[in-house]
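**Student:** need a 3D model of the sequence below.
(2 chains)
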Number of protein chains: 2
Amino acid sequence: MKRFALLLAFLFSTGLFAQTPDRAKLESLTEKHWQDGLKLLNEIVSMPNDAVFPEQIEVNVQWCERVFLERKWTAERLETGGIPLLLVEKKQPNAKKTALFYFHVDGQAVDISKWDQPNAYEPVLKAQTESGTWEVLPMERLKSEYHPDWRIFGRSTSDDKGPLAMLITAWDALTEAGIFPDYSVKIILDFEEEQGSPRLPAAVIQYKDKLTADLMLIMDGPRHTSNLPTLSYGARGISELFLTTYGPKLPQHSGHYGNYAPNPALLMSQLLASMKDENGRVVIQGFYDGITFTEAEQKIFAAVPDNEPAVKKRLGLGRTDQVGKSYQESINYPSLNIRGMSAGYTGAQATTIIPAIAAAELDMRLVPESDPVRLFGLIKDHIRKQGFHIVEKDPTDEERMTYPKIVKVNTSISYQAFRTPMDSPTGAWLRKAMNRAFGQDPVQIRISGGSIPISPFVDALGIPAVTIPTVNADNNQHSPNENLRLGNYKEGILTIMSVLSEKMY
Amino acid sequence: MKRFALLLAFLFSTGLFAQTPDRAKLESLTEKHWQDGLKLLNEIVSMPNDAVFPEQIEVNVQWCERVFLERKWTAERLETGGIPLLLVEKKQPNAKKTALFYFHVDGQAVDISKWDQPNAYEPVLKAQTESGTWEVLPMERLKSEYHPDWRIFGRSTSDDKGPLAMLITAWDALTEAGIFPDYSVKIILDFEEEQGSPRLPAAVIQYKDKLTADLMLIMDGPRHTSNLPTLSYGARGISELFLTTYGPKLPQHSGHYGNYAPNPALLMSQLLASMKDENGRVVIQGFYDGITFTEAEQKIFAAVPDNEPAVKKRLGLGRTDQVGKSYQESINYPSLNIRGMSAGYTGAQATTIIPAIAAAELDMRLVPESDPVRLFGLIKDHIRKQGFHIVEKDPTDEERMTYPKIVKVNTSISYQAFRTPMDSPTGAWLRKAMNRAFGQDPVQIRISGGSIPISPFVDALGIPAVTIPTVNADNNQHSPNENLRLGNYKEGILTIMSVLSEKMY
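**Tutor:** Purely as a prediction, here's the structure:
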């Protein structure tokens, strides 16, 4: 008997005996394992994880190492000169392909004074009352009761420890049932995502050979606001533009010099106003070049169940920018957003001066068609056409006297965009898995509006990448009272099981 | 002999024997008295005078009461419900006219860390070295030495305790020589000017009967930058405009909503840019209505010895706003200046958001032709023409959904402008006095760019008002290292003696 059992285990582990579990099987596995998974979630959330404090992060790194080593994965720190990346791997014998998963384990900083619980790292179960407030329930109630709308509150429950707990739970559930993926699995764990992953792009190039894979699956970010199962085939990149205009060398009395010394806030207003029309469309020549949508793509946009009237009502918008014909189309364009603007003082500190400078910061979200270097060039050409002389440092006295209108322009590129074709083999494979799990196609997002540090992988490894979001969109990501809906937790486990058990193309 | 002396004193005091002193006499009186005057200046500057602290101000009020009572003037506190005004008066027997002088005795706050002396209320004598730095001299050196470019450093040496010390010194010098004005003198002392004289307008109306006079002489502010003797026939008023534009109800992630939620900083830029042209001229219809200059007025502007190239170089301006053809003409127009502007954050605090609001504060300097209520009406009409709905409070949800573009507009009026005709009897009288003192016409400013709280007097009392500035323009008014040039101190005493001894028209 012992021999036979060993043989069976071997055959299962090779995937030779692995059956593709149907929806009912996935649901029963989830029911069997989700409570253990919740313990895991509570354990991982209980470790503070603000990457400003490397000593907090080290505890999380060690936890991840231990948990994956216990499951017979390998674990290797990829040293970066700062907080490391952690690469864990489970090779499957005879597997021809490898999937690389991405998670991050660090969380946003916590201002506990704004949370409705004493400790953001001590998970709390809550239910919403009829009046909309959230009431604490004893965690033990989950042993006998369950409601999909109950939520676990705590930092990183959704962003992004929840999905990691879901994956480990899915792995345990499948492997206990003798089901293994027919592909090898690598997971890259980022511990500095909320800091902008400053060391990641260089590390991806340095450790390219260790990271090689056939596709990348990103487990981060929320589902579509309808909370239906979602796939997102890309994410906009992000780059920044810093503008400074100049008035008198020092702030001047607005009585003595009003009507005489040019006002830098007016110059800045004129410059910014020149960049967009009344409808929020960028009028800089060439800015939207290369962006067109096929009929098929328009259908994809239309198929997303956005409730735009509800969004407008929630945001208090009597109108929207008319960049695209719909929300989905709009985020398929690059954006040029004034994230901050300042000159002199307003409010209690206001003084009657002509300010010396005005500053504006713009972020430019990118799509694959919009190379940021090209866009920066177009913007600079446009600025020059408005009569400005461009400098990169504060102007010298001589420059001030030579050029009547001066603007300092500095730029930076944080991440590039990435977008995987929806009709690629990866897309088809994931849709098949999701259909098996949910009996219907997922909501499909051609590109997400926000930015994630995935383009370094896509560029260095030359592989397709798709995001499989699982958490509820109203999870208060980055804010106080971050939470994870229990229904999303269970469906997340189910989703990952469906992907891990889907035969690779 | 005693009777004769009394008779003489009586005759002198009536002004019947008063001779109009010529320039030589004024100079010799100045030489005789300026050192006593300097003691007076040091004494008055030694009293801290930040009107944020009423207990500091009370010491100054009592000092003024004592000093004028000692000279047989009357002194009366005009209660305002807060810090009082002080009205001191010297009636001249048989005088048909009364001049009302204005001084303020409070000073700007002191940030001593930025001063080059240990105590801003302990006057220090300094001389400038060849390299431009200021070197302390023992005050005693003035007993045997004098240089007009030496300066006394201390808070309010120029703004505005210096001129008050000059007047008292001038009074003492003249009366000791048996010279009295042929008009009665009232002096209104303001102890809250640097706080915007919040209680003054109501007090002027309340105490109108006590303040009645035939003309008003303002002893505040610096001479023309040429440092030549100066008369200023008016001052621009000042009013304020507070603008707020609206984006989403709360700041939104610029990735999720960039290209969709309208950006309030762009709206604000578009609105501000619509108000002025490339040359800084207001393009709001009617804004400059009623402002024209005769050939005579143009000559007055041209006669002011402005050194515009030097001003541009000092301020680092490669161009100036083209509101008027010259600096002097420019400040004879109302101005519309963006004194502060803010939206989201710039610099270290920047976050990738679409801000919820953008705010701008504008100050509008006024000339007599530009009634602020009329201008506010024109501006609001203009704003509406740009497609904005105007509210006075933050918009309700319903307003947000009804009006696609909303701006909150709040306004206030601090002071109105005033301007006394240069060819008025008051103007001719003062020019005559100045000619006697200096042998030439003063620099004549039709209206000063800055604002002083004089229009309440002009409006309530219906009298002409002219400013007689005496202090050096580079006195660091309102800033650290405020100072008074000794040459200006002596010429200031001489100037006031010439005015006090000029036979009234």
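**Student:** distance check, the residue positioned nearest the centre of chain A against chain B.
**Tutor:** Taking Cα atoms, centre = their mean, the centroid of chain A lies closest to A:Ile452, which sits 4.3 Å from it. Relative to chain B, A:Ile452 is positioned 9 Å away (Cβ to the nearest Cβ, to the nearest Å). In this view, the C-beta of every residue, glycine as well, is placed from N, C-alpha and C.
**Student:** per-residue pLDDT, that residue?
**Tutor:** Looking at A:Ile452, its pLDDT stands at 90.
**Student:** so what's the nearest residue to it once chain neighbours are set aside up against?
**Tutor:** Leaving aside its chain neighbours, A:Ile452 sits nearest to A:Ala235 (4.9 Å; criterion: Cβ to Cβ, 6 or more residues apart in numbering or on different chains). Going by Cβ atoms under 8 Å, 6 or more residues apart in numbering or on different chains, A:Ala235 touches A:Ala417, A:Phe418, A:Ile447, A:Ser448, A:Gly450, A:Ser451, A:Ile452, A:Ile454, A:Thr467.
**Student:** and for A:Thr129?
**Tutor:** Here A:Thr129 is in contact with A:Glu135 (Cβ under 8 Å, 6+ apart).
**Student:** look up phi and psi at it.
**Tutor:** phi -80, psi 170 (degrees, to the nearest 10).
**Student:** I'd assumed A:Gly247 was in contact with A:Ile357.
**Tutor:** Yes. Using Cβ atoms under 8 Å, A:Ile357 is in contact with A:Gly247, at 6.9 Å.
**Student:** any idea whether A:Leu241 is helix, strand or coil?
**Tutor:** strand (DSSP: H, G, I helix; E, B strand; the rest coil).
**Student:** surely it and A:Ile413 touch.
**Tutor:** No. Using Cβ under 8 Å, A:Leu241 is not in contact with A:Ile413; the gap is 10.4 Å.
**Student:** give me the more crowded residue out of those two.
**Tutor:** The residue with more neighbours, out of A:Leu241 and A:Ile413, is A:Leu241; 22 against 15, by other Cβ atoms under 10 Å in any protein chain shown.
**Student:** what about A:Glu369, neighbour count?
**Tutor:** Neighbours of A:Glu369 using other Cβ under 10 Å come to 16.
**Student:** which residue packs closest to it, ignoring adjacent ones?
**Tutor:** Counting by Cβ to Cβ, 6+ apart, the residue nearest A:Glu369 is A:Gly290, at 4.0 Å.
**Student:** ok, the one you found touching A:Pro368?
**Tutor:** No. Using Cβ under 8 Å as the test, A:Gly290 is too far from A:Pro368 to be in contact (9.0 Å).
**Student:** compare neighbour counts for those two and give me the winner.
**Tutor:** Just comparing A:Gly290 and A:Pro368: by other Cβ under 10 Å the higher neighbour count belongs to A:Pro368, 18 against 11.
**Student:** tell me the SS of the more buried one?
**Tutor:** coil.
**Student:** A:Arg339 too?
**Tutor:** strand.
**Student:** quick one, phi psi at A:Glu76?
**Tutor:** phi -140, psi 130.
**Student:** that one - how many residues pack around it?
**Tutor:** Using other Cβ under 10 Å: A:Glu76 sits among 14 other residues.
**Student:** how about the contacts made by it?
**Tutor:** Here A:Glu76 is in contact with A:Leu86, A:Leu87, A:Val88, A:Glu89, A:Lys210 (Cβ under 8 Å, 6+ apart).
**Student:** could you tell me the model confidence score at it?
**Tutor:** 98.
**Student:** measure it to A:Gln206 for me?
**Tutor:** 13 Å (Cβ to Cβ, to the nearest Å).
**Student:** A:Ala75 and B:Thr320: what is the separation?
**Tutor:** 67 Å.
**Student:** just A:Gly387 next, same as before
**Tutor:** A:Gly387 sits 15 Å away from B:Thr320, taking Cβ to Cβ as the criterion.
**Student:** these two: who's more crowded?
**Tutor:** For A:Gly387 and B:Thr320, the more surrounded residue by other Cβ under 10 Å is B:Thr320, and the numbers stand at 22 against 13.
**Student:** just for the stretch 1-150 of chain A, where's the confidence low?
**Tutor:** A:1-18 (pLDDT under 70).
**Student:** now the helices for it?
**Tutor:** For the stretch 1-150 of chain A, helices defined by DSSP state H, counting those that start in this stretch occupy the ranges A:2-14, A:23-45, A:54-70.
**Student:** which residues of the stretch 101-250 of chain A lie near chain B?
**Tutor:** Counting by Cβ under 8 Å from any Cβ of the partner chain, the stretch 101-250 of chain A comes close to chain B at A:Arg236, A:Ile238, A:Tyr246, A:Pro248, A:Lys249, A:Leu250.
**Student:** what residues does the stretch 351-500 of chain A have near chain B?
**Tutor:** So far as Cβ under 8 Å from any Cβ goes, the stretch 351-500 of chain A lies against chain B at A:351-355, A:358-361, A:363, A:365, A:387, A:397, A:400-406, A:448-451.
**Student:** now those: which count as buried?
**Tutor:** A:352-355, A:358-361, A:363, A:365, A:400-401, A:403, A:405-406, A:448-451 (16 or more other Cβ atoms under 10 Å in any protein chain shown).
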